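> Sequence and predicted structure are below.
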Amino acid sequence: MRAYIPDYQLTTPTTLAETLALLASEPGLWKPFAGGTDLMVLLETGKLSHRNYVNIWHLDELRGIDSTLQHVTVGALTTYTDVQANTILRDEFPMLCQAASETGGLAIQNRGTLGGNIVNASPAADSPPAFLAYDAEIELTSAQGSRWLPYQGFHMGYKQMNMRADELLTRIRLTRSKQALKHYYRKVGTRKAQAISKVCFAATARASGHKIDEIRIALGSVAPIPLRCVRTEGVLRGQVVDQSLIETGKSELAREIVPIDDIRSTKDYRLRISENLLGDFLSSIAATS
Ligand SMILES: Cc1cc2nc3c(=O)[nH]c(=O)nc-3n(C[C@H](O)[C@H](O)[C@H](O)COP(=O)(O)OP(=O)(O)OC[C@H]3O[C@@H](n4cnc5c(N)ncnc54)[C@H](O)[C@@H]3O)c2cc1C
């Protein structure tokens, strides 16, 4: 059932400072409203329990993609369309661009933001596995100042985050790699477009010959949070890729992820697909090195 609109309040401060002051005035009373693509679905279905929103869409401080020799820093209001149009992201962080191109349809890509995707904290969201595999950092800002933290560890449980009610996610920072990386991203859904992931797999690796020097693996839709698979990485790092290592990696991954049955898929299917994607990724390292 549709929500009763007069029950809701939306305010639009003109500056970041004003927004942060409002969030600090009564922490928890006001919640950010960015592109609204997650929030509007809840509103339309009468499931939007929170009543007071602060519109952040107009805050220029949260927009833009900047680069230095070491980093690419992306504003929280960067849309999926902005991501795909950026040449540095396309060249150096292709998994993020692939995630953006496979998120929703064009309307969602024009309006949905990376910050909203992260803070909405759906375990099935498509950009978080890419951010985890790129070892991204995030900036949280309150009226008291800003703090940077590794994105890994931000999600602490289902929809629970290391973030205070008076903080905004303001920027996401990606470290540019000086060495060639292998990037591997696969979204598995019911169909090619407008599908929520059954499994989302993102991984990067650096290899010398068939030996894996560095590896990072992250999955969506297989746990209550977007999951960086550090134990699986641990059994693979420093090893030479062969069939036996692939089987070892798959076994460890099966122990590390905790997929469930739900309306979109089954636990067994998610487990099998995750193992197969890891196998395909590892085989591709051996094939190209
Ligand atoms: C038809 C449709 C298809 C979709 N397809 C996909 C898909 O394929 N893959 C996918 O991952 N998602 C998908 N989504 C979900 C959604 O579009 C994304 O999660 C989007 O990135 C959310 O961004 P937003 O700016 O619209 O967030 P909003 O709806 O504005 O906010 C979402 C949540 O994040 C909080 N928030 C937003 N920005 C900030 C910030 N800067 N700091 C602190 N809190 C903040 C809000 O308070 C709210 O709790 C789809 C949605 C729809 C309606």
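That came in fine, so what should we check first? Bear in mind that the values here come from a model prediction, so they are computed numbers and not experimental data. Numbers count the residues shown, from 1 in each chain.
> Every contact and neighbour count from this point should use C-alpha atoms.
Will do.
> Give me the phi and psi for the spatially most central residue of the chain.
Residue closest to the average C-alpha location in the chain (CA atoms, centre = their mean): residue 128, at 1.5 Å. Dihedral angles of residue 128 (phi, psi; degrees, to the nearest 10) stand at phi -60, psi -40.
> Confirm for me that it is in contact with residue 119.
No. Residue 128 lies out of contact with residue 119 (CA atoms under 8 Å); the separation is 10.0 Å.
> Can you give me the neighbour number for residue 66?
Residues near residue 66, counting by other CA atoms under 10 Å, number 12.
> err, residue 49, not the other one
By other CA under 10 Å, the residues close to residue 49 number 10.
> likewise the one 4 residues further on?
Each residue near residue 53 was counted by other CA under 10 Å, and the total is 18.
> same deal with the one 5 residues further on?
The criterion is other CA under 10 Å. On that basis, residue 58 has 15 neighbouring residues.
> Now it: closest residue in space, sequence neighbours ignored.
Excluding its sequence neighbours, the residue lying closest to residue 58 (CA to CA, 6 or more residues apart in numbering) is residue 14, at 7.2 Å.
> what's the pLDDT at the one you found?
Per-residue pLDDT puts residue 14 at 94.
> measure it to the ligand for me?
For residue 14, the distance to the ligand (CA to the nearest ligand atom, to the nearest Å) stands at 15 Å.
> wait, that residue sits on residue 60?
No. Residue 14 is beyond contact range of residue 60, at 9.4 Å (criterion: CA under 8 Å).
> Now the common contact residues for these two.
Common contacts of residue 14 and residue 60 (CA atoms under 8 Å, 6 or more residues apart in numbering): none found.
> Enumerate the residues of the stretch 101-250 of the chain near the ligand.
102-104, 108, 112-117, 119-120, 125-126, 168-170, 194-196 (CA under 6 Å from any ligand atom).
> What subset of these is buried?
Among these, the ones that count as buried by 16 or more other CA atoms under 10 Å are 102-104, 108, 112-117, 119, 125-126, 168-170, 195-196.
> From residue 166, how far off is the residue nearest to residue 58?
Here the criterion is CA to CA, to the nearest Å. By it, residue 14 lies 17 Å from residue 166.
> Would you check how far apart residue 98 and the ligand are?
When distance is defined by CA to the nearest ligand atom, residue 98 is 11 Å away from the ligand.
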